[in-house]
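K.L.:
Output the structure for:
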Amino acid sequence: MTPTSVSSLETLVLRPGRVTLAELRALSAGGVRLSLDPSALAGMQASQATVQRIVDEDQVVYGINTGFGKLASTKIAHGRLAELQRNLVLSHSVGTGDPLPDAVVRMVLATKAVSLARGHSGVRPEIVDALLALANADVLPVIPAKGSVGASGDLAPLAHLACVLIGEGQAKVRGRTVPGREAMAAIGCEPFVLGPKEGLALLNGTQVSTALALAGLFGAESVFAAGLVSGALSLEAIKGSVKPFDARIHEARGQPGQIAVAAAVRALLEGSEIDPSHPNCGRVQDPYSIRCVPQVMGACLDNLQHAARVLQIEANAASDNPLVFAETGDVISGGNFHAEPVAFAADIIALAVAEIGAISERRLSLLLDTGLSGLPAFLIRDSGVNSGFMIAQVTAAALASENKCLAHPGSVDSLPTSANQEDHVSMATYAARRLTDMVRNTAVVVGIEAMAATQGIDFDRVPAPAAWLKSSPLIEAQIAAVRARVAFLERDRFLATDIEAMREWAQESAWPAPVTACLPSFLSQIS
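P.N.:
Here you go, the predicted model:
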């Protein structure tokens, strides 16, 4: 990213402790320049001065002039404090695996800056400025995805970030992987010689787990939205009943997500000519995958709302250790680096993502079953010679089943580390990282359903009769969006590229207002 392009971007002012979920979504999408609310400066300066006073008075305080973990009782001489912090960063840079995606790294840089700028970490403001400068220049530390148990913070991945600040490690600059010193030069900075507590403050914290979980949340919102739309398409394709979406049913139960989903589906179908066209069709009840969309998707929405609330808090949190309270001069060691809240939130998102895909796959199966849907078998004319969507449903089933395995909670696992000093860990980093695969799997499933449902609707339209029934304006717009990506399946063809196009539809589309009104990150705040 060139300086000219950076200067032309919209500026997102980060207010430590008050960054909203909508701002985090904008940050994740990219295309914004980050700056820090100037009001954060005084707190950072006071916190750093407190740490310096402790050093000057030769007080013994964990994390400032002692060893770490099991070595916390070892006092470090004043003249070796810079060496202590540098060695901490280097010794913890032990990550492995593929690098984290660029969008996640930008989120890590931003949330680490927000956390340090809360004024409880004792670091110089220049450290925070450098983190934001890296993000704004698109100079992104290479952070291996694996190696954190999410307990004393995301130690290994954050160490790889910190390495760049001291001129070590690697970063990506305009697509090239370069040494850390060259990366710092790209933002006009000399590598830092870390002061007391600064290395520890950079390594402690839940920012990698949180960034991965936020990426999973935003992806889950996309497939949730796609699932609502594809469910409405399927309802229209089988000429299902809208009566189960009557507001009175859902208000009688009172679950907020269920009420919201039913309202969204009613809005999606408002003005459809298809629904009133079959009052005497003889169908008494639709299968649960159609009839219980509000109950299932509503429960998913409630869980996404809860996870969003947790992650918004965590993205603003001071989560390193120890924490500095400059107003009293206290430095208190605790455990805010333990990422259990993030692990639970990631597990909840995983359950929702798995269920969105599971009910979508069932609707897809329904569409292909001529006895239940009333549509041609496997949604193809001249079936037998043509297999239609038969094996596309097998792919959807495989991915829905894979997600069942991936949805196993990460938070229930724990292995002790650091000679049993850190004897319970969260596994939040894995719990959050696996959401990427789960979201992609569900996007494929939902995309196949939408393609199949559009095929079902189009059987009444292709070849074009003199007159045919229209769905609602919102659903007709989605049918057009599907058809812009994939053609009607007249006979068997190579479908893999169509499936990929529909995955992109599920993950990248802009959704109608009744759907986005449900989504946590589109709301101004989480209540």
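K.L.:
any low-confidence regions in the stretch 251-400 of the chain?
P.N.:
Within the stretch 251-400 of the chain, the stretches with pLDDT under 70 are 280-284.
K.L.:
now the strands: where do they sit in it?
P.N.:
Using DSSP state E, counting those that start in this stretch, the strands assigned to the stretch 251-400 of the chain run over residues 323-325, 330-332.
K.L.:
before we move on, what about the stretch 101-250 of the chain?
P.N.:
Using DSSP E, counting those that start in this stretch, the strands of the stretch 101-250 of the chain run over 139-141, 144-146, 170-173, 176-179.
K.L.:
okay, those strands, which one's buried deepest?
P.N.:
Highest mean neighbour count among those (mean count of other Cβ atoms under 10 Å): strand 139-141, with a mean of 24. C-beta here means a position set from N, CA and C on the backbone, and glycine is covered the same way.
K.L.:
helices or strands up against that one?
P.N.:
Applying 3 or more Cβ pairs under 8 Å, 6 or more residues apart in numbering; DSSP states H and E, we find strand 139-141 packed against helix 102-116, helix 125-136, helix 155-165, strand 170-173, helix 180-186.
K.L.:
hang on, the earlier thing: quickly compare the strands of the stretch 251-400 of the chain and say which is most buried.
P.N.:
Most buried of those, by mean neighbour count (mean count of other Cβ under 10 Å): strand 323-325, with a mean of 23.
K.L.:
Surely residue 437 and residue 399 touch.
P.N.:
No: counting by Cβ atoms under 8 Å, residue 437 sits too far from residue 399 to count as a contact (9.6 Å).
K.L.:
how about the strands of the stretch 251-400 of the chain, which one is nearest residue 491?
P.N.:
strand 323-325 (66.2 Å; Cβ to Cβ).
K.L.:
shaky segments in the stretch 1-150 of the chain?
P.N.:
1-8, 69-70.
K.L.:
quick one: secondary structure of residue 411?
P.N.:
Assigned by DSSP: H, G, I helix; E, B strand; the rest coil, the conformation of residue 411 is coil.
K.L.:
So for it, what's the pLDDT?
P.N.:
We note a pLDDT of 92 for residue 411 in this prediction.
K.L.:
out of everything not next to it in sequence, what's closest to it?
P.N.:
residue 343 (3.8 Å; Cβ to Cβ, 6 or more residues apart in numbering).
K.L.:
If the nearest residue to residue 422 once chain neighbours are set aside is in a bridge, with which residues?
P.N.:
Using Cβ to Cβ, 6+ apart and skipping the chain neighbours, the partner closest in space to residue 422 is residue 151 (5.2 Å). For residue 151, the beta-bridge partners are residue 153 (DSSP bridges).
K.L.:
pretty sure residue 151 contacts residue 417?
P.N.:
Yes: with contacts counted by Cβ under 8 Å, residue 151 reaches residue 417, the gap being 6.9 Å.
K.L.:
Any chance you could list residues touching both of the two?
P.N.:
Common neighbours of residue 151 and residue 417, using Cβ atoms under 8 Å, 6 or more residues apart in numbering, are residue 425.
K.L.:
Looking at these two, which one has more neighbours?
P.N.:
residue 151 (27 against 17; other Cβ atoms under 10 Å).
K.L.:
hang on, the earlier thing: right, so of the helices and strands packed on strand 139-141, which gets closest to residue 42?
P.N.:
Of the helices and strands packed on strand 139-141, nearest to residue 42 by Cβ to Cβ is helix 125-136, at 9.8 Å.
K.L.:
tell me how far that closest one is from the chain's mean position?
P.N.:
In terms of Cα atoms, centre = their mean, to the nearest Å, the centre of helix 125-136 is found 23 Å from the chain centre.
K.L.:
So what angle separates the directions of it and helix 155-165?
P.N.:
Note on geometry: by axes from the mean of the first three to the mean of the last three Cα atoms, to 10 degrees, helix 125-136 and helix 155-165 are set 90 degrees apart in direction.
K.L.:
can the strands of the stretch 101-250 of the chain go into a markdown table with extra columns for distance to residue 122?
P.N.:
A markdown table is the format used below for these (distance: least, Cβ to Cβ, whole Å):
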| stretch | distance to residue 122 |
| --- | --- |
| strand 139-141 | 22 |
| strand 144-146 | 27 |
| strand 170-173 | 25 |
| strand 176-179 | 28 |
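K.L.:
nearest to residue 489, of those?
P.N.:
Closest approach to residue 489 among the strands of the stretch 101-250 of the chain (Cβ to Cβ): strand 144-146, 37.9 Å.
K.L.:
and that closest one, what does it pack onto?
P.N.:
Using 3+ Cβ pairs under 8 Å, 6+ apart: strand 144-146 touches strand 96-99, helix 155-165.
K.L.:
Please identify the most buried of those.
P.N.:
Highest mean neighbour count among the helices and strands packed on strand 144-146 (mean count of other Cβ under 10 Å): helix 155-165, with a mean of 28.
K.L.:
relative to helix 102-116, how tilted is that one?
P.N.:
Using the same axes, to 10 degrees: helix 155-165 against helix 102-116 is 90 degrees.
K.L.:
gap between helix 155-165 and the chain center?
P.N.:
With Cα atoms, centre = their mean as the basis, helix 155-165 stands 21 Å off its chain's centre.
K.L.:
Stretch 305-317 now?
P.N.:
Taking the mean of its C-alpha atoms, stretch 305-317 sits 12 Å from the chain's own mean (Cα atoms, centre = their mean).
K.L.:
got the buried residues for that stretch?
P.N.:
Going by neighbour count (16 or more other Cβ atoms under 10 Å), the buried part of stretch 305-317 is 305, 306, 307, 308, 309, 310, 311, 312, 314, 315, 316, 317.
K.L.:
In contact with the second one, which residues?
P.N.:
With Cβ under 8 Å, 6+ apart as the criterion, the residues that contact residue 306 are 345, 348.
K.L.:
now do the fourth one
P.N.:
Taking Cβ under 8 Å, 6+ apart as the criterion, residue 308 is in contact with 21, 217, 520, 521, 526.
K.L.:
Tell me the one of those nearest residue 383?
P.N.:
For the contacts of residue 308, the nearest to residue 383 is residue 217 (40.8 Å; Cβ to Cβ).
K.L.:
neighbours of the closest one, just the number please.
P.N.:
Neighbour count of residue 217, defined by other Cβ under 10 Å: 32.
K.L.:
Could you tell me the angle between the helix ranked longest in the chain and helix 102-116?
P.N.:
The longest helix of the chain (DSSP state H) is helix 207-237. Angle, helix 207-237 to helix 102-116, by the same axes, to 10 degrees: 130 degrees.
K.L.:
the helices in the stretch 1-150 of the chain, which residues?
P.N.:
Ranges of helices in the stretch 1-150 of the chain, per DSSP state H, counting those that start in this stretch, are 3-7, 21-29, 41-56, 81-91, 102-116, 125-136.
K.L.:
Can I get these in a markdown table including mean neighbour count and distance to residue 324?
P.N.:
A markdown table is the format used below for these (neighbours: other Cβ atoms under 10 Å; distance: least, Cβ to Cβ, whole Å):
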| stretch | mean neighbour count | distance to residue 324 |
| --- | --- | --- |
| helix 3-7 | 10 | 32 |
| helix 21-29 | 19 | 25 |
| helix 41-56 | 18 | 5 |
| helix 81-91 | 18 | 16 |
| helix 102-116 | 25 | 11 |
| helix 125-136 | 22 | 14 |
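K.L.:
Throw those into a markdown table and include distance to residue 474, thanks.
P.N.:
Putting the helices of the stretch 1-150 of the chain into a markdown table (distance: least, Cβ to Cβ, whole Å) gives the following:
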| stretch | distance to residue 474 |
| --- | --- |
| helix 3-7 | 36 |
| helix 21-29 | 23 |
| helix 41-56 | 47 |
| helix 81-91 | 52 |
| helix 102-116 | 29 |
| helix 125-136 | 37 |
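K.L.:
Which one, of those, ends up nearest to residue 348?
P.N.:
Short answer: helix 21-29, nearest of these by Cβ to Cβ, at 15.3 Å.
K.L.:
Would you mind telling me which of the helices and strands packed on strand 144-146 is nearest residue 55?
P.N.:
Among the helices and strands packed on strand 144-146, helix 155-165 sits nearest to residue 55 (Cβ to Cβ), with 19.9 Å.
K.L.:
re the thing from before, with respect to residue 258, which of the helices of the stretch 1-150 of the chain lies nearest?
P.N.:
Nearest to residue 258 among those is helix 21-29 (21.8 Å), distances taken as Cβ to Cβ.
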